[in-house]
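S.K.: attaching a predicted model along with its sequence, questions to come.
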Amino acid sequence: MEAVLEATKRTRFGKNEAGRLRREGLVPSVLYGGATAEGGRPGSLSISVDPKSLLKILHSQSGANTLITLKLEGEAPMVMLKEFQLDPISHHVLHADFYRVAMDKPITVTVPVVLRGEAPGVKQQGGLLDFVHREIEVECLPADIPGSVEVDVSGLMLNQSIRLRDLPVSTAWRPVSEGDVMIVHVVAPKAEAEPAVAEVEAAASPAEPEVIKKGKAEKEDEGEAEAKPKK
């Protein structure tokens with residue numbers, strides 16, 4: 001999918017300027033690539049974009065893989081979204097980075113995996129379908145970015161799997177992820193654990209009084225490892 005996004009060059013920088021732009025309803029952004037900076041490094045350009053137009057692109061079928069024509073004061077480079085930052089509470093876009101793409105040079109993108117069909121191992125054999133990897137990395141030309149990669153599970157029996165290397169070869173893209181990566185497999189449902197022998201014996205015989213041992217109990221270590229915060 002292709003989209004058009006209006007952009008404006010920024011001449012003032014810093015946190016205060018970024019806050020002012022957000023209050024005015026704009027998203028401070030950076031465009032990478034194109035002209036090279038001193039020392040031969042890829043240049044960058046500070047810009048601002050409309051958050052509503054950007055969110056519309058992000059919520060489209062192609063999402064972050066959308067090819068964008070960036071209308072930027074007399075030029076219209078083809079770009080893609082490199083990364084973006086959302087406010088954790090309001091989910092407003094706080095910042096976005098774009099990069100120029102050359103239509104004749106391959107790029108690496110992450111695309112979703114879509115399952116098609118119904119696995120006999122589930123319907124006929126009572127197994128469970130375990131969808132392990134829902135995204136894979138592929139290399140392709142910008143115009144050939146697939147919206148998704150389809151995986152047919154209609155021949156998948158119990159204890160069988162489909163790995164990345166099992167997918168049909170495409171002339172438009174090639175996988176970057178390792179061929180051994182598991183995409184999906186059908187597993188047997190976990191059997192309900194049998195009651196422990198001790199529990200069965202306890203249920204069959206009357207309970208005996210608990211014997212309380214004398215002596216000083218060992219003091220337990222009071223230090224507890226702090227749980228790592230989730231990212």
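M.R.: Here it is on my side, so go on.
S.K.: quick one: buried residues of the helix or strand hosting Met80?
M.R.: In this assignment (DSSP states H and E), Met80 forms part of strand 78-86. For strand 78-86, burial by neighbour count (16 or more other CB atoms under 10 Å) applies to 79-81, 84. All C-beta atoms are positioned from the backbone trio N, CA, C, and that covers glycine.
S.K.: how about the residues you listed, which pair is most distant?
M.R.: The widest separation within the buried residues of strand 78-86, taken as CB to CB, falls between Val79 and Phe84 and amounts to 12.8 Å.
S.K.: what's the local residue count around the residue nearest to Met103 when sequence neighbours are not counted?
M.R.: Spatial nearest neighbour of Met103, excluding adjacent residues (CB to CB, 6 or more residues apart in numbering): Pro142 at 5.4 Å. By other CB atoms under 10 Å, the residues close to Pro142 number 19.
S.K.: just to check, Pro142 is in contact with Met80?
M.R.: Yes. Using CB atoms under 8 Å, Pro142 is in contact with Met80, at 7.2 Å.
S.K.: intersection of neighbour lists for the two?
M.R.: Counting by CB atoms under 8 Å, 6 or more residues apart in numbering, the common neighbours of Pro142 and Met80 are 67, 101, 107.
S.K.: got the buried residues of strand 78-86 as a markdown table, with pLDDT and distance to Leu94 columns?
M.R.: Below are those laid out as a markdown table (pLDDT from 0 to 100; distance: CB to CB, whole Å):
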| residue | pLDDT | distance to Leu94 |
| --- | --- | --- |
| Val79 | 96 | 19 |
| Met80 | 96 | 19 |
| Leu81 | 94 | 14 |
| Phe84 | 93 | 8 |
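S.K.: which among the residues you listed gets closest to Pro168?
M.R.: Checking the buried residues of strand 78-86 against Pro168 by CB to CB gives Met80 as the nearest, at 26.0 Å.
S.K.: the closest one and Leu5, how far apart?
M.R.: To Leu5, Met80 is 11 Å away according to CB to CB, to the nearest Å.
S.K.: show me whatever sits in contact with both of those two.
M.R.: Jointly contacting Met80 and Leu5 under the rule CB under 8 Å, 6+ apart are Ile68.
S.K.: contacting residues for Lys82?
M.R.: By CB under 8 Å, 6+ apart, the residues touching Lys82 are 32, 97-99.
S.K.: one more: Thr11?
M.R.: With contacts defined as CB under 8 Å, 6+ apart, Thr11 is in contact with Ser46.
S.K.: now stretch 16-29: mean pLDDT?
M.R.: Confidence over stretch 16-29 (mean pLDDT, whole number) is 89.
S.K.: using CSV, write out every CA atom in that stretch.
M.R.: Output in CSV follows, covering the C-alpha atoms of stretch 16-29 (Å, rounded to 0.1, in the frame of the first residue of the first chain):
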residue,chain,number,x,y,z
ASN,A,16,10.5,22.9,24.6
GLU,A,17,10.1,23.1,20.9
ALA,A,18,8.9,19.5,20.7
GLY,A,19,6.3,20.2,23.4
ARG,A,20,5.1,23.3,21.6
LEU,A,21,4.6,21.3,18.4
ARG,A,22,2.6,18.7,20.2
ARG,A,23,0.4,21.4,21.8
GLU,A,24,-0.2,22.7,18.3
GLY,A,25,-1.3,19.3,17.2
LEU,A,26,1.8,18.2,15.3
VAL,A,27,4.3,15.3,15.7
PRO,A,28,8.0,16.2,15.9
SER,A,29,9.8,13.8,13.5
